[in-house]
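Student: below are the sequence and a predicted model; questions follow.
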Amino acid sequence: RVLAHCAPSAAIAFGTTFSAPGARIDDGVYIGPQCHVGLAHIERDVIIAPAVHIPSGGRVQCNE
């Protein structure tokens, strides 16, 4: 198990890392190369440029 959810139509470029297994990736998402994603829900049809960092945030609750 790597992510809580990753839609088959999502495109995740080389070098992207996920630091939380609770992350969710919806349909039509593109994540550019060398990104870092924490505990986040990336919603439908979002495009993320290369080298973007999306941290988990200060008030994260992990229910894993």
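Tutor: Alright, I've got the coordinates.

Student: what distance do you get for the residue nearest in space to the middle of the chain to residue 18?
Tutor: With distances taken as Cα atoms, centre = their mean, residue 37 lies nearest the centre of the chain, 4.8 Å away. Noted for residue 37: a distance of 5 Å to residue 18, by Cβ to Cβ, to the nearest Å. Using the backbone N, CA and C atoms, a C-beta is placed for each residue, glycine as well.

Student: before we move on, the earlier item: hang on, the residue nearest to the centre of the chain packs against residue 31?
Tutor: Yes. Counting by Cβ atoms under 8 Å, residue 37 does reach residue 31; the two are 7.0 Å apart.

Student: check contacts around residue 32.
Tutor: 13, 16, 48, 49, 50, 51, 52 (Cβ atoms under 8 Å, 6 or more residues apart in numbering).

Student: same thing but 10 Å
Tutor: 11, 12, 13, 14, 15, 16, 47, 48, 49, 50, 51, 52 (Cβ atoms under 10 Å, 6 or more residues apart in numbering).

Student: related to what we said a few turns ago, between residue 37 and residue 18, what contacts are shared?
Tutor: Counting by Cβ under 10 Å, 6+ apart, the residues touching both residue 37 and residue 18 are 3, 12, 25, 31, 54.

Student: in strands only, show me those.
Tutor: Counted as lying in strands by DSSP state E, out of those, are 12, 25, 31, 54.

Student: show me which of these is closest to residue 43.
Tutor: Of all those, residue 43 sits closest to residue 25, with 9.1 Å by Cβ to Cβ.

Student: rewinding a little: okay, and the common contacts of residue 37 and residue 31?
Tutor: In contact with both residue 37 and residue 31: 12, 16, 18, 25, 48, 52, 54, using Cβ under 10 Å, 6+ apart.
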